[in-house]
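**Student:** Okay, here's the prediction I keep looking at, along with the sequence it came from:
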Amino acid sequence: MEWGLFVLALVFIAVLQLVVWRRLQSGDVGVTENAASREHGYPADVPAADDEERTAADPDVTLCPECGSENETGYRFCRECVGMLHA
């Protein structure tokens, strides 16, 4: 009985590895297009204001010079594009 369970476990692990390997080879694993194509940080029902209006209204916001997304003042790198933020 002990050997039967051991062999069954080995067969199960081998089949599981085969399934995972085939899935990785088929390219089905990865980021979905829906998640990758989201807009930058604004909910659909709230229109984005001009950059000058946002920074004048909220001094705790730093705009990224690369992508224009809002970041907290203490950040050194953009949270969206990882570009360097100016001090």
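**Tutor:** That came through fine.
**Student:** May I see the buried residues of stretch 80-87?
**Tutor:** Applying a neighbour-count criterion of 16 or more other C-beta atoms under 10 Å, one finds Leu85 buried in stretch 80-87. Quick note: C-beta positions are derived from backbone N, CA and C, even for glycine.
**Student:** next one: stretch 72-82
**Tutor:** Result for stretch 72-82 [16+ other C-beta under 10 Å]: buried residues Cys78.
**Student:** Now do the strands for this protein: every range, in order, please.
**Tutor:** All strands of the chain, identified by DSSP state E, fall at 61-63, 70-72.
**Student:** Which strands border the first one, and is each parallel or antiparallel?
**Tutor:** Translated: strand 61-63. strand 70-72 (antiparallel) (DSSP bridges).
**Student:** now what about the strand it pairs with, what contacts it?
**Tutor:** Gly41, Arg54, Asp60, Val61, Thr62, Leu63, Cys64, Cys78, Arg79, Leu85 (C-beta atoms under 8 Å, 6 or more residues apart in numbering).
**Student:** mean confidence for that strand?
**Tutor:** The average pLDDT within strand 70-72 is 88.
**Student:** do stretch 8-24 as well
**Tutor:** In this model, stretch 8-24 has a mean pLDDT of 94.
**Student:** Next, work out how far apart Cys64 and Thr73 are.
**Tutor:** From Cys64 over to Thr73 the distance is 13 Å, taken as C-beta to C-beta, to the nearest Å.
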